[in-house]
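Trainee: Need coordinates for the below:
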Amino acid sequence: MAKLTKPELRAHNQALAFLEKDVLTEDDKEFVYRNWHEGATHINSAAGAFFTPFDMAFDFAIDAGGGRVIDLCAGIGMLSYAIWQRSRFYDRRPRITCIERNPDYLAVGRKLLPEAEWICADVFDVLDMGLGHFDSAISNPPFGNVKREKNSPRYTGKDFEFHVIDIAAHLAEYGCFIVPQRSAGFNYSGRQNYERQKDGKAVKFQELTGLHFDAGCGIDTAFYKDAWKGVSPICEIVCVDFAEARAVVAPSPEVVAAATTVAANDNSPQLSLFAGAA
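Mentor: The predicted structure follows:
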């Protein structure tokens, strides 16, 4: 557990009091999102559970997409809440599914955003849950080498954020993620100029999966560096067009038919399509 300052503890306790109410106002919810401290009763550093700053979540929502949305490693639903609130200005509300393994976080999230479907589950089990396909996948996943029991379909490395993106690629048409800058494939936040990374783990992951990491509308997250609780990361908001990647990787029906004919004649292996195309 984190050692909270006296002001942090007072604010956290006030947030707990709001959560006891039968119905919360939007002002109540904002107070809880800003002040309910993820480290008050949990060792959040071990799980990599650091919630997105409230105002940064609303900037994130600009690029997050809509329609049917799945929030992986949702925490208390900060990103989903921002998407839901921004959707007030659109013609159609999103349908949001939040996946969170910590039941305490889930209970708070369900109280703050009852409009979403909340599922208590490990992100690595989602592909086997029959949830169907989504328009958008979003996440502020744990960063780096966080303990896990499984791997994602294509990635076996240590960085948790890449596992989540790989899982999302098999669930949705589009994804939007908060990741450490070194995992973004580009450097923008806190820099004078945007530049693509020419080597490193993000470049290798993109080569492995055929995905392309994009900066979206370009949010400089360094502005929020000191608004996180317990950490001060330089991160990026990464947007990925999964549908485009599938179109590039998946061969045409004519190529598939020809390959199938050849395989039937000489017992050679058939083409392996991009796993997310199902």
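
Trainee: which residues of the chain score low on pLDDT?
Mentor: When residues are selected by pLDDT under 70, those of the chain lie in 1-2, 43-48, 249-278.

Trainee: Tell me which stretches of it form strands.
Mentor: Taking DSSP state E as the test, the strands found in the chain are 68-72, 95-100, 117-120, 134-139, 172-180, 186-187, 195-196, 235-241.

Trainee: which residues are contacting the last one?
Mentor: To tie it back to what came earlier, the one meant is strand 235-241. Judged by CB atoms under 8 Å, 6 or more residues apart in numbering, the contacts made with strand 235-241 from elsewhere in the structure are 59-60, 63, 143, 165, 168-169, 173-181, 184-189, 211-216, 219, 221. (Glycine included, C-beta is placed from N, CA and C.)

Trainee: List buried residues within those.
Mentor: Burial by neighbour count, judged by 16 or more other CB atoms under 10 Å, picks out 59-60, 63, 143, 165, 168-169, 173-181, 184-189, 211, 213-216, 219, 221 from these.

Trainee: what's the neighbour count on residue 3?
Mentor: Under the neighbour criterion other CB atoms under 10 Å, residue 3 is assigned a count of 8.

Trainee: Give me the distance between it and residue 40.
Mentor: As judged by CB to CB, to the nearest Å, residue 3 and residue 40 stand 10 Å apart.

Trainee: Check residue 7 too.
Mentor: Using CB to CB, we find residue 7 at a distance of 13 Å from residue 40.

Trainee: what's the answer for residue 101, then?
Mentor: Where residue 40 is concerned, residue 101 sits at a distance of 18 Å (CB to CB).

Trainee: do the same with residue 218
Mentor: Distance from residue 218 to residue 40, counting by CB to CB: 34 Å.

Trainee: And the two? Which one has more around it.
Mentor: Neighbours were counted for residue 218 and for residue 40 using other CB under 10 Å; residue 40 has more, 17 against 13.

Trainee: Does the more buried one touch residue 4 like I think?
Mentor: Yes - the pair residue 40 and residue 4 passes the contact test of CB atoms under 8 Å, sitting 6.1 Å apart.

Trainee: anything in contact with each of these two?
Mentor: With the criterion set as CB under 8 Å, 6+ apart, the overlap between the contacts of residue 40 and residue 4 is residue 12.

Trainee: Skipping its backbone neighbours, what lies nearest residue 35 in space?
Mentor: If you skip the residues right next to it in sequence, residue 35 has residue 11 as its closest partner in space, 3.8 Å away by CB to CB, 6 or more residues apart in numbering.
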